[in-house]
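Turn this into a model:
(one chain, ligands or ions: 1)
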Amino acid sequence: TKPITVIGAGLAGTEAAWQIAQRGHQVNLYEMRPVRKTDAHKTENFAELVCSNSLRGASLTNAVGLLKEEMRRLDSVIITSADQTAVPAGGALAVDRDTFSENVTSRVNNHPNINVIREELTEIPQDGIVIIASGPLTSPALSQAIAELTGEEYLYFYDAAAPIISKDTIDFDKVWVASRYDKGEAAYINCPMTEEEFNAFYEALITAEVVQLKEFEKEVFFEGCMPIEVMAKRGLQTMLFGPLKPVGLPDPRTGKTPYAVVQLRQDNAAATLYNMVGFQTHLKWGDQSRVFKMIPGLENAEIVRFGVMHRNTYINSPNFLRPTYQTKNRDNLFFAGQITGVEGYVESAAAGLIAGINASRLLEGKEPLVFPHLTAIGSLAHYITHTSAKNFQPMNATFGLLPPLGQKIRNKVEKNEKISERALAALADFTTTHEV
Ligand code: FAD
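Prediction:
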């Protein structure tokens, strides 16, 4: 049989290739570095971490910790290598970046079923099973080929996203649900500010620290997608005529219109996540947390996905992908990694893991698998393929993507542990039933 083609030996591509190879099938793994470089990678190693050396939270009280544990149980090459090259990092799993990617590279290179080809693919192969895992910095020629497949308007090159907040961490004694001028159904969560609160917030916002832009990202800003801190710097009043305008939003408790209102919009079908309207931002994550918690009602809010503005090539997965990571139009074409609209190192590898398992199953004449929604790995696949296709933006692993527990537990740590316990039980059941 023809080898399975995997394009890109990053976090997702190496994981996909590993899963296929471990199931006894041949893989041709294409990696363009060092023949062709990207603007962020510095080495020719596989699974290079282009920025932070952290794979984030390690514990099961954290969704990305759960995701890693699920992957560990699914023989993930990325997590095994990370565990073996870990450095002390408190509650996080951080690695020595060089030994980590050297470790992944040597395992993949030495696997008898993986044939590494250091070459840029500029077209999507038409024959056989193909996994595209070329990442947020997919080469221009391949991007062009993908754009032809999806249509120009469904391949994005930038991610400019506002923070997303877990609804159950919002203080509903301070906010209310309504739409401006009471038009249509009550859809927004409104956080009111007095003049004093607004001024303090404004000061904090314009003095907060922003992330340094990379040279290739400087073209990101376009009107209509201006970072909130840049808008604020245009003058004290600007936000009051923009995203923070209070008109048509009287506070039902006082009957008066507040000085300013921050609106949150529902972000997922289950209504567990809300995004901050107009708050795309380039602030450092720590400062986002500090400044946005000054907004009344959000003092204890959990930001499940921080605002980002960066170069990111990704497809409109709600339109094009199935939760098996197959495209809707071609059974034997898969996408995996950041290009599917998952966000983060671990999430990218997780997508590669499912794509690798399913590509193998397809080759074996078996039905590809949809992982349970009750697991972190399955909930991510579910989210990117079921959320609204309009304004689709990449997503991290978070507990908000899993179905609620169905019982009220006030203590957050305890609640998250229960969700993780349920997820690992669901995974064990699933892998046994389906012989994964
Ligand atoms: P990659 O790891 O980028 O792998 C894709 C591979 O495909 C690359 O090796 C590339 O050379 C190769 N390739 C591309 N085109 C072709 C082609 N045509 N033919 C053959 N090979 C090709 N996530 C975090 O969790 N933490 C962070 O700190 C973080 N920082 C980031 C910083 C930047 C600047 C960017 C762009 C992203 C960052 N991310 C971060 C997001 C994401 O987790 C990483 O980009 C991650 O590497 C994505 O994994 P991937 O496998 O999808 O892509």
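
which phi and psi does the residue in the chain positioned nearest to the ligand have?
Among the residues of the chain, residue 10 lies closest to the ligand, at 1.7 Å counting by Cβ to the nearest ligand atom. (Each C-beta comes from the backbone N, C-alpha and C, glycine too.) Main-chain dihedrals, residue 10, degrees, to the nearest 10: phi -90, psi -150.

what's the answer for residue 13, then?
Dihedral angles of residue 13 (phi, psi; degrees, to the nearest 10) stand at phi -70, psi -40.

pLDDT at it, what is it?
Looking at residue 13, its pLDDT is 98.

chain center to stretch 336-343, what's the gap?
Its chain's C-alpha centre lies 7 Å from the corresponding centre of stretch 336-343 when counted by Cα atoms, centre = their mean, to the nearest Å.

what's the first-to-last distance across that stretch?
This stretch, stretch 336-343, spans 11 Å end to end (Cα to Cα, to the nearest Å).

Just the mean pLDDT for it, thanks.
97.

what about that stretch and the ligand, touching?
Yes - using Cβ under 6 Å from any ligand atom, we find that stretch 336-343 touches the ligand at 337-339.

any chance you could map the helices in the stretch 1-150 of the chain?
Taking DSSP state H, counting those that start in this stretch, the helices of the stretch 1-150 of the chain run over residues 11-22, 63-73, 77-84, 97-110, 140-150.

for the stretch 151-300 of the chain, same thing?
195-207, 228-233, 238-241, 285-292.

Serialize the helices of the stretch 1-150 of the chain to JSON lines and add fields for mean neighbour count.
Below are the helices of the stretch 1-150 of the chain laid out as JSON lines (neighbours: other Cβ atoms under 10 Å):
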{"stretch": "helix 11-22", "mean neighbour count": "29"}
{"stretch": "helix 63-73", "mean neighbour count": "23"}
{"stretch": "helix 77-84", "mean neighbour count": "22"}
{"stretch": "helix 97-110", "mean neighbour count": "19"}
{"stretch": "helix 140-150", "mean neighbour count": "16"}
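
TSV please, covering those helices and showing distance to residue 397.
Below are those laid out as TSV (distance: least, Cβ to Cβ, whole Å):
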stretch	distance to residue 397
helix 11-22	14
helix 63-73	4
helix 77-84	13
helix 97-110	20
helix 140-150	24
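
neighbours of residue 294, just the number please.
By other Cβ atoms under 10 Å, 17 other residues sit near residue 294.

was I right about it contacting residue 197?
Yes - taking Cβ atoms under 8 Å as the definition, residue 294 is a contact partner of residue 197 at 7.4 Å.

So which elements touch the helix-or-strand element of the chain with minimal mean pLDDT?
Every helix and strand in the chain was compared by mean pLDDT, DSSP states H and E; the lowest is strand 155-161, with a mean of 85. With contacts taken as 3 or more Cβ pairs under 8 Å, 6 or more residues apart in numbering; DSSP states H and E, strand 155-161 sits against helix 140-150, strand 308-315.

rank those by mean pLDDT and give me the bottom one.
Ranked by mean pLDDT, the helices and strands packed on strand 155-161 bottom out at strand 308-315, which scores a mean of 89.

Sheet partners, orientation included, of it?
When pairing is defined by DSSP bridges, strand 308-315 lines up against strand 155-161 (antiparallel).
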